[in-house]
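Trainee: Provided below are the primary sequence and the corresponding predicted coordinates.
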Amino acid sequence: MLVPILLFCVGLVCLVKGGDWFVDGAVGIARRFHLPDLLIGATVVSIGTTLPEVMISASSALGGHGEIAYGNAIGSVICNAALVAAITIVFRPGKADAAALRLPVFFFFGAAVFYAAIAYTTGSFSRVVGVILLGVFLAYTAAQVAAARKTPQPDAQEQDQAPAGSLGLEILKLALEAGLIALGANLMVDNGILIAAALGVPESVIALTVVALGTSLPELATAITSLVKGHSALSLGNVIGANLFNLVLVSGVSVTLAPFGIPENAVIAGHNASLVLDLPVMFLVMVLLVVPPLLKGKLYRWQGVALLALYAGYCAIQFTL
């Protein structure tokens, strides 16, 4: 039992650091070609920060463990909203840009309704569903790029600050960083399965809680660092965008590679636990997160407290199933 736990932790470190370095490297290459910062943020950084979840879910689906692929996507959405964003809101409530939220909120709930409709009506995700989800991802990215191009950019002098060094070396480093993420994903999946078996806990529970929290650590670390440095602004749109990517990119890639069904190894009152707990909680935390800023243009401390309480209760229920 000790060895799988240690290897799981090693995989988590590889995943987190590999993802961090990958984003830095990708941004460096993008700036070398003088891409605007807003465009980089809307595409390169967003995709890069979601790469750990993509690797985890794709590896799980290809290995025949659809429960982990499914649970990681849903669990990461819940964790990002009810833990990462909640912590920031509790300590730094304040104004939010309602206009900037409309696009990611529209795409997220559109994708979430489609995702839930498939889960409730068929109970399984086919390759066609995966392709549709990836299509939503491409549409959202295109919309973000279009919005970024309409936004005034910094002076040319600021944009010309491209990193020095060999482009070939940077690409090689990027490939090695992607390999580190893949290694971390495999270690976490393989040993997460062993830990789940040893504890008698369903794989989906490990994915919805431990794996989801692990892949959300970069976002959590960023939120805490921002608080320590005194940055009061919370980029809620980035959180919602990351959650959208968890649904359409993470799930889309996994389902397209290896279709799977929703987990059936846990029940609540005779019904599938995912249908009566996981999906409803996902919608609940996202509604609680976005409705006040959309209506009032503000984030309130009570929101953060309520989200943290929901997350604690959700995790407690998961480990009692």
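Mentor: Okay, I see it.
Trainee: which SSE is immediately downstream of the lowest-mean-pLDDT helix or strand in the chain?
Mentor: The helix or strand of the chain with the poorest confidence is helix 156-159; it has a mean of 48 (mean pLDDT, DSSP states H and E). Next in sequence after helix 156-159, counting helices and strands by DSSP states H and E, comes helix 167-199.
Trainee: distance between that following helix and the chain's centre?
Mentor: 16 Å (CA atoms, centre = their mean, to the nearest Å).
Trainee: got it, and stretch 123-134?
Mentor: With CA atoms, centre = their mean, you get 18 Å for stretch 123-134.
Trainee: can you list the buried residues in that stretch?
Mentor: Phe125, Val129, Gly130, Ile132, Leu133, Leu134 (16 or more other CB atoms under 10 Å). Glycine gets a C-beta too; all of them are placed from N, C-alpha and C.
Trainee: and stretch 136-149, by the same measure?
Mentor: In stretch 136-149, counting by 16+ other CB under 10 Å, buried: Val136, Phe137, Tyr140, Thr141, Gln144, Ala148.
Trainee: returning to what we had before: just the buried residues of stretch 123-134: which are in strands?
Mentor: The strands, defined by DSSP state E, take in Phe125 from the buried residues of stretch 123-134.
Trainee: sort out for me which of the buried residues of stretch 123-134 are in helices.
Mentor: Counted as lying in helices by DSSP state H, out of the buried residues of stretch 123-134, are Val129, Gly130, Ile132, Leu133, Leu134.
Trainee: residue contacts, the second one?
Mentor: Gly130 makes contact with Ser251, Gly252, Val253, Ser254, Val255, Thr256, Leu257, Pro259, according to CB atoms under 8 Å, 6 or more residues apart in numbering.
Trainee: tell me where the stretch 1-150 of the chain has strands.
Mentor: Taking DSSP state E, counting those that start in this stretch as the test, the strands found in the stretch 1-150 of the chain are 94-95, 124-125.
Trainee: just checking, Ala207 touches Ser76?
Mentor: No - using CB atoms under 8 Å, Ala207 is not in contact with Ser76, being 9.4 Å away.
Trainee: just to revisit the earlier point, among the buried residues of stretch 136-149, which are located in helices?
Mentor: Counted as lying in helices by DSSP H, out of these, are Val136, Phe137, Tyr140, Thr141, Gln144, Ala148.
Trainee: how far away is the first one from Gly252?
Mentor: It stands for Val136. 8 Å (CB to CB, to the nearest Å).
Trainee: ditto for the second one
Mentor: For Phe137, the distance to Gly252 equals 6 Å [CB to CB].
Trainee: also the last one?
Mentor: When distances are taken as CB to CB, Ala148 and Gly252 turn out to be 22 Å apart.
Trainee: Asn186 is in contact with Ser60, isn't it?
Mentor: No - in this structure, Asn186 is not within contact of Ser60 by CB under 8 Å, at 9.7 Å.
Trainee: more neighbours: which of those two?
Mentor: Each of Asn186 and Ser60 has its neighbours counted (other CB atoms under 10 Å); Ser60 has more, 30 against 19.
Trainee: give me the nearest residue to the more buried one, chain neighbours excluded.
Mentor: Setting aside the residues directly before and after it, Ser60 is nearest to Ile68 in space (CB to CB, 6 or more residues apart in numbering), at 3.7 Å.
Trainee: since we're on that neighbour, how many residues are nearby?
Mentor: Ile68: 30 neighbours (other CB under 10 Å).
Trainee: is it correct that it is in contact with Leu208?
Mentor: No - with contact defined as CB under 8 Å, Ile68 does not reach Leu208; the gap is 9.3 Å.
Trainee: residues touching Ile206, list them.
Mentor: Counting by CB under 8 Å, 6+ apart, Ile206 has contacts Ile68, Gly71, Gly192, Ile193, Ile195, Ala196.
Trainee: my guess is it is in a helix, correct?
Mentor: Yes - assigned with DSSP: H, G, I helix; E, B strand; the rest coil, Ile206 falls within a helix.
Trainee: for Ala212, see how far away it is.
Mentor: In terms of CB to CB, Ile206 sits 9 Å off from Ala212.
Trainee: what's the neighbour count on Leu7?
Mentor: For Leu7, using other CB under 10 Å, the count is 18.
Trainee: begin at 845 from here
Mentor: Yes, from this point I'll number from 845; that puts the last item at Leu851.
Trainee: and stretch 1086-1100, how far out from the chain's middle?
Mentor: 9 Å.
Trainee: tell me the mean pLDDT over it?
Mentor: Stretch 1086-1100 carries an average pLDDT of 90.
Trainee: with stretch 944-957 instead?
Mentor: Per-residue scores along stretch 944-957 average to 91.
Trainee: buried residues, it. List them.
Mentor: Ala944, Leu945, Leu947, Pro948, Val949, Phe951, Phe952, Phe953, Gly954, Ala955, Ala956.
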